[in-house]
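Engineer: sequence isn't available, so here's the structure alone:
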């Protein structure tokens with residue numbers, strides 16, 4: 001007898017209608033054993049710096065395809081190297097958009113992605129299937145082992161613990177890495193927007209290639225999923241390459257400040273009035289991160305405290321292609337000064353050291369570069385970044 005997927009059983013008629021086509025199309029990937037294709041060998045770590053511990057899944061612990069809860073940890077888990085599509089929640093199940101998704105998926109996609117400059121996340125039937133697949137994967141699993149990719153991994157966006165999840169079995173079967181098997185089944189791409197896996201890059205790459213070749217899940221033309229994965233993967237590859245460029249500079253001992261590092265703001269405050277090389281991301285979640293105006297453009301390069309990069313001159317802004325920099329990591333080199341706009345309230349936390357953006361003025365196209373292409377050439381502070389009239393008059 002065919003058993004109804006838990007996702008279909010609990011989400012109600014709209015969600016069931018959304019999930020069933022994906023469940024049917026993905027059934028082979030979700031129930032069959034891994035293929036005989038040779039795969040890189042992986043195993044749980046014995047390094048105490050990488051092991052978080054062993055836990056039981058909480059009741060209803062599968063939140064979606066890349067988020068779990070376990071007993072004993074207050075924070076939910078954000079599973080590394082995964083980015084499954086979204087699921088419907090609560091009142092969304094009966095919302096007009098959910099009904100449009102069920103009846104005309106192409107029109108639904110056009111509606112939710114209208115005017116979005118970059119790929120966005122939204123609920124899909126494939127998201128429902130990823131959650132159902134996770135529930136099937138963990139069915140009967142009594143213990144899971146949580147591990148980090150790097151010793152420095154901690155808490156990600158939205159306060160979730162970043163980790164790998166190994167399913168542990170009491171019947172002699174070897175542990176299985178859920179993150180990897182979800183990619184192999186086509187439930188998620190290999191998500192490298194925040195960097196490649198340090199431990200399992202070859203295995204994730206092979207798993208994604210296998211899923212694509214087999215037409216599983218998000219790589220199937222029979223499932224309703226994001227239609228823009230080629231664009232997403234290209235964007236994430238640029239972001240991963242940007243991080244690799246940053247790591248290479250640090251290995252060479254180059255003096256570079258990475259926005260987002262815990263001590264970045266204190267380093268920048270000490271370096272005011274000096275020429276600095278900064279690495280950071282122009283945040284795709286900040287609608288004011290790229291502002292075009294008649295004097296050029298203003299970019300907010302992110303982190304806990306974004307800095308403002310003033311592009312001086314409309315022609316220079318066009319040369320740099322600033323509109324295309326949203327969501328990208330950049331290197332910028334120039335004189336660092338205080339005096340930018342007031343920080344938004346969300347950054348002005350009690351006891352923090354700044355209330356205004358720090359600022360770098362860019363007057364030469366060589367001073368700013370997409371980070372995946374490498375850092376800009378070395379420029380002297382006097383030649384490339386002379387004080388402006390505003391700066392001179394304010395001293």
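Structural biologist: Arrived safely, thanks for sending. Bear in mind that the values here come from a model prediction, so they are computed numbers and not experimental data.

Engineer: packing partners of the host helix or strand of residue 134?
Structural biologist: Taking DSSP states H and E as the definition, one finds residue 134 inside helix 125-138. Helix 125-138 sits against helix 6-31, strand 57-64, helix 178-184, with contacts defined as 3 or more C-beta pairs under 8 Å, 6 or more residues apart in numbering; DSSP states H and E. (Glycine included, C-beta is placed from N, CA and C.)

Engineer: quick one, it and strand 57-64 angle?
Structural biologist: 160 degrees (axes from the mean of the first three to the mean of the last three C-alpha atoms, to 10 degrees).

Engineer: can you give me the buried ones in the helix or strand just after helix 125-138?
Structural biologist: Next helix or strand after helix 125-138 toward the C-terminus (DSSP H and E): strand 143-147. The neighbour-count check on strand 143-147 (16 or more other C-beta atoms under 10 Å) flags 144-147 as buried.

Engineer: export these as CSV, with columns for distance to residue 88.
Structural biologist: Converted to CSV, these look like this (distance: C-beta to C-beta, whole Å):
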residue, distance to residue 88
144, 26
145, 30
146, 27
147, 31
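
Engineer: in this protein, which strand has the most residues?
Structural biologist: Ranked by residue count and defined by DSSP state E, the top strand of the chain is strand 329-342.

Engineer: which parts of it are buried?
Structural biologist: 329-337, 340.

Engineer: do a quick rundown of the helices in the stretch 51-200 of the chain.
Structural biologist: 96-103, 105-112, 125-138, 178-184 (DSSP state H, counting those that start in this stretch).

Engineer: angle of the first one against helix 105-112?
Structural biologist: When the same axes, to 10 degrees is applied, the directions of helix 96-103 and helix 105-112 differ by 150 degrees.

Engineer: centre of the chain to helix 96-103, how far?
Structural biologist: Taking the mean of its C-alpha atoms, helix 96-103 sits 27 Å from the chain's own mean (C-alpha atoms, centre = their mean, to the nearest Å).

Engineer: which helices and strands does that helix pack with?
Structural biologist: Contacts defined by 3+ C-beta pairs under 8 Å, 6+ apart place helix 96-103 against helix 6-31, helix 105-112.

Engineer: which stretch in those helices has the least confidence?
Structural biologist: Lowest mean pLDDT within the helices and strands packed on helix 96-103: helix 6-31, at a mean of 39.

Engineer: residue 119 and residue 208: what is the separation?
Structural biologist: Residue 119 sits at a distance of 17 Å from residue 208 (criterion: C-beta to C-beta, to the nearest Å).

Engineer: compare those two and say which is more crowded by neighbours.
Structural biologist: Legend: neighbour count by other C-beta atoms under 10 Å for residue 119 and residue 208, higher for residue 208 (23 against 19).

Engineer: hmm, that one is touching residue 182, no?
Structural biologist: No: counting by C-beta atoms under 8 Å, residue 208 does not reach residue 182; the two are 10.6 Å apart.

Engineer: low-scoring stretches of the stretch 101-250 of the chain, by residue?
Structural biologist: Scanning the stretch 101-250 of the chain for pLDDT under 70 picks out the ranges 154, 156-159.

Engineer: number of residues surrounding the spatially closest residue to residue 221 that is not a sequence neighbour?
Structural biologist: In space, and not counting its chain neighbours, residue 221 is closest to residue 215: 7.2 Å by C-beta to C-beta, 6 or more residues apart in numbering. Using other C-beta under 10 Å, the number of residues around residue 215 comes to 16.

Engineer: next one: residue 319
Structural biologist: Residue 319 has 11 neighbours, counted by other C-beta under 10 Å.

Engineer: ok, the closest residue to it other than its chain neighbours - contacts?
Structural biologist: Of all residues not flanking residue 319 in the chain, residue 365 sits nearest, at 5.2 Å (C-beta to C-beta, 6+ apart). With contacts defined as C-beta atoms under 8 Å, 6 or more residues apart in numbering, residue 365 is in contact with 316, 319-320.

Engineer: return the closest of those residues with respect to residue 249.
Structural biologist: Set against residue 249, the nearest of the contacts of residue 365 by C-beta to C-beta is residue 320 (20.9 Å).

Engineer: and the closest one, how many neighbours?
Structural biologist: 22.

Engineer: which residue sits closest to residue 144, ignoring its sequence neighbours?
Structural biologist: residue 165 (5.2 Å).

Engineer: the one you found: how many residues sit nearby?
Structural biologist: Counted with other C-beta under 10 Å, residue 165 comes out at 27.

Engineer: residue 114 too?
Structural biologist: 8.

Engineer: repeat for residue 187
Structural biologist: Applying other C-beta under 10 Å, we find 31 residues neighbouring residue 187.

Engineer: check contacts around it.
Structural biologist: Contacts of residue 187 by C-beta under 8 Å, 6+ apart are 26, 29, 65, 82, 84, 129-130, 133-134, 217-218.

Engineer: neighbour-wise, which one of those leads?
Structural biologist: residue 129 (37 neighbours).

Engineer: for the residue nearest to residue 319, what are phi and psi?
Structural biologist: With angles defined as degrees, to the nearest 10, residue 365 sits at phi -60, psi -20.

Engineer: the one 10 residues further on too?
Structural biologist: In terms of degrees, to the nearest 10, the main-chain angles of residue 375 are phi -70, psi 160.

Engineer: show me what contacts it?
Structural biologist: 245, 249, 254, 256, 277, 331, 333, 369.

Engineer: what bridges to the fifth one?
Structural biologist: Translated: residue 277. Beta-bridge pairing of residue 277 under DSSP bridges involves residue 333.

Engineer: and it, how many neighbours?
Structural biologist: 19.

Engineer: how much space between it and residue 246?
Structural biologist: Distance from residue 277 to residue 246, by C-beta to C-beta: 10 Å.

Engineer: one more: the fourth one?
Structural biologist: According to C-beta to C-beta, residue 256 and residue 246 sit 7 Å apart.

Engineer: quick check: neighbours shared by the two?
Structural biologist: residue 279.

Engineer: the two - which one has more neighbours?
Structural biologist: Neighbours per residue, other C-beta under 10 Å: of residue 256 and residue 246, the larger number sits with residue 246, 20 against 17.

Engineer: where does that one sit, in terms of helix or strand?
Structural biologist: Going by DSSP H and E, residue 246 is in helix 229-251.
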